[in-house]
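> Just need the structure, nothing else, for what follows:
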Amino acid sequence: MTLIIRYRDEIVRYSAMALGAVLIIAGIIAIIGSSERVVDNVVSGENTVIAAFLILTGLLLLGASMVQSIVGRTPLERFYKQVKSAETGKEEKEEK
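Numbering: from 1, shown residues only. From the prediction side, this is the model:
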């Protein structure tokens, strides 16, 4: 149990990266499948909207999973580290 709590940030980060990549790939595959008949154009439009949603959601998840490395290279790094240390200090007090 404590192992999961200790590595939860990494677990969430890598899970979000994997899920984001899967959503982007699913969106690209959905866009590639196009209809040939005129009657299917409405369905094709709906599929394109769903594919665009999947791709944007995947990009959002990838961006969210990379936020720590992005923040680490900006002036907000010190603020981010203070927040993380306060968060872990708070958890340590709750465990005791």
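
> so where's the chain uncertain?
1, 34-44, 72, 90-96 (pLDDT under 70).

> Which stretches in it count as helices?
Taking DSSP state H as the criterion, the chain carries its helices at 2-6, 8-32, 41-65, 67-71, 77-95.

> what residues are up against the one residue sitting closest to the centre of the chain?
Central residue of the chain (C-alpha atoms, centre = their mean): residue 61, 1.6 Å from the mean position. Residues near residue 61 by C-beta atoms under 8 Å, 6 or more residues apart in numbering: 16-17, 19-20, 23. For the C-beta atoms, the positions are set from N, CA and C on the backbone; glycine is no exception.

> Look at the closest residue in space to residue 47 that isn't next to it in sequence and say how many residues are nearby.
Distances taken as C-beta to C-beta, 6 or more residues apart in numbering place residue 30 nearest to residue 47, at 5.6 Å, with adjacent residues excluded. Using other C-beta atoms under 10 Å, residue 30 has 17 neighbouring residues.

> now swap in residue 58 and tell me
22.

> Show me how this protein divides into domains.
For the chain, the structural domains run 1-64, 66-96, going by automatic domain parsing.

> ranking those by burial, who's on top?
domain 1-64 (a mean of 13; mean count of other C-beta atoms under 10 Å).
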